[in-house]
Structure formats: structure tokens, C-alpha cells
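In: coords below, sequence missing:
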């Protein structure tokens with residue numbers, strides 16, 4: 001950091017202004033929910049609400065907690081992974097994570113409430129409505145659900161892309177991605193994809209895939225209430 005207190009220059013994080021980050025676009029409805037004094041339960045369990053809408057799951061070894069005074073500490077030993085599965089759950093299982101948006105979409109709200117009985121159904125419905133309005137990943141999975149409902153025998157895949165057209169070609173200027181930039185619905189078998197692109201299978205039989213930590217979708221898929229409205233996570237091209 002250089003310059004003065006009034007006009008600081010940040011050289012390491014943003015290359016003296018060559019990397020420009022826009023303000024986070026938080027929908028007013030979401031901020032109103034968080035700031036409402038009556039929504040103590042929402043703020044207290046915001047992590048659980050996020051997990052209810054997450055597209056990916058996590059895998060970690062040797063987790064520990066310190067619940068002393070002050071900030072609670074979450075300890076991890078070894079790797080911490082984000083995993084993504086198919087669009088349909090295993091036979092006899094309730095849809096979880098991204099499956100909740102695609103499989104049995106008519107009963108999506110009921111399925112999510114059944115798996116989160118301690119959370120407010122009103123908050124769950126409101127957050128779901130906000131996400132559908134602003135989150136490109138929700139939109140692409142909803143489109144996939146509509147397509148499968150209209151053509152039940154069609155085999156489709158979703159390609160979550162790692163490449164972005166950033167700032168009209170300027171990799172140092174960040175623009176929020178559109179729905180078509182974050183993912184594509186592919187009928188039939190997918191062709192050649194990038195090494196950090198993720199192909200979401202329609203069937204669960206493909207098992208879980210480990211997300212690439214360098215993909216811009218890595219954090220938004222796991223933390224939809226943090227990366228709420230078309231924000232990418234960190235990537236090499238930022």
C-alpha cells in the first residue's frame with residue numbers, strides 16, 4: 001500500500017487500479033430481511049439457510065470446533081473439498097443440493113422444508129424467490145427442470161463453464177456473468193470441454209465430482225447466500 005490516507009494506492013491486491021472490482025449487488029429484499037430486528041432466527045442460523053440452498057456439498061477430514069468466548073473456531077486438518085453430483089438423486093433418496101432445483105421441481109419447497117424442519121418455511125420461500133430472480137445458477141437449473149419436464153425421455157447435461165468473457169475482453173475489469181456465461185444446457189452427450197469446466201450428469205450414477213478450486217463457480221455454488229447476485233469467486237483470470 002502506498003499513497004496517502006486520503007488517496008491510498010493498493011499495489012499488491014489490485015495492481016494500482018488495473019483490476020477493478022464492482023460493488024456487490026445485494027438485492028434490497030435480502031438486506032431488508034437481514035436488517036429486520038424480528039428476524040433474529042434468520043441471522044443466527046444463516047449458515048444453515050445457506051446450506052439449504054447450496055448446489056454443492058463439502059468433504060473434510062478431522063473437523064474440530066472451539067466454542068469458547070469470542071469468535072467460534074472451525075478447525076480443519078487435511079484437504080477441504082467441494083463436491084457436485086448428478087441432477088437426479090439415488091433411488092429412494094430425497095433430492096439434495098442442486099438436485100433440489102431439478103428433480104421433482106413441483107415439490108421443491110416441500111422437500112427443502114422436510115430436510116430443514118428447524119428453519120422457517122417463510123424465510124425459505126422468500127430466499128428461494130430472491131435467488132430465482134438474481135442467481136444465474138438457480139436459473140440454469142430451473143431451465144433444465146422445465147426442459148426435462150417437457151421432454152422426460154431427453155438426456156441432457158449441464159456444463160458449468162470456467163471460462164468467462166470479462167470486461168469485454170479486458171481480464172482486469174470484472175463484470176458480473178450472465179446465465180449463458182456461467183452454464184449451458186447440453187442435449188445428449190457433451191463434447192470436448194475445458195479442463196476446469198464441470199459436466200453435471202442427469203443421472204446420479206456418475207457419482208460425485210470434486211470441483212476445481214480455481215473455477216470461478218467454486219465458491220458461488222457452495223455459498224449462494226454470500227455470492228447472491230451474479231458474483232464470481234476468485235479465478236486465475238481475475
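Out: Perfect, I can see it now. No experiment lies behind these values; they were computed from the predicted model shown.

In: Could you check the pLDDT of residue 128?
Out: On pLDDT, residue 128 comes in at 94.

In: Residue 59 now?
Out: In this model, residue 59 is scored at 82, pLDDT.

In: for residue 13, same thing?
Out: At residue 13 the predicted local confidence, pLDDT, stands at 69.

In: now do the same end-to-end measure for stretch 209-222.
Out: 14 Å (CA to CA, to the nearest Å).

In: List the buried residues for that stretch?
Out: 209, 211-212, 215-222 (16 or more other CB atoms under 10 Å). (Glycine included, C-beta is placed from N, CA and C.)

In: Now, these that are in strands?
Out: residue 209 (DSSP state E).

In: wait, residue 89 sits on residue 95?
Out: Yes: Residue 89 lies in contact with residue 95 (CB atoms under 8 Å); the separation is 4.8 Å.

In: Which neighbours do these two have in common?
Out: Residues touching both residue 89 and residue 95 by CB atoms under 8 Å, 6 or more residues apart in numbering: residue 103.

In: Which secondary structure element is home to residue 111?
Out: helix 108-115 (DSSP states H and E).

In: so what does that helix touch, helix or strand wise?
Out: Taking 3 or more CB pairs under 8 Å, 6 or more residues apart in numbering; DSSP states H and E as the contact definition, the neighbouring helices and strands of helix 108-115 are helix 46-53, helix 99-102, helix 121-134.

In: Give me the residues contacting it.
Out: Residues lying outside helix 108-115 but in contact with it, judged by CB under 8 Å, 6+ apart, are 52-53, 94-96, 100-101, 104, 119, 121, 124-125, 128.

In: 6 Å - rerun?
Out: Outside of helix 108-115, the residues that reach it under the criterion CB atoms under 6 Å, 6 or more residues apart in numbering are 52, 94-95, 100, 121, 124.

In: Where is pLDDT lowest across those residues?
Out: On pLDDT alone, residue 94 ranks lowest of those, at 81.

In: In contact with that one, which residues?
Out: Neighbour list for residue 94: residue 111 [criterion: CB under 6 Å, 6+ apart].

In: Can you tell me the SS state at it?
Out: With DSSP: H, G, I helix; E, B strand; the rest coil as the basis, the three-state label of residue 94 is coil.
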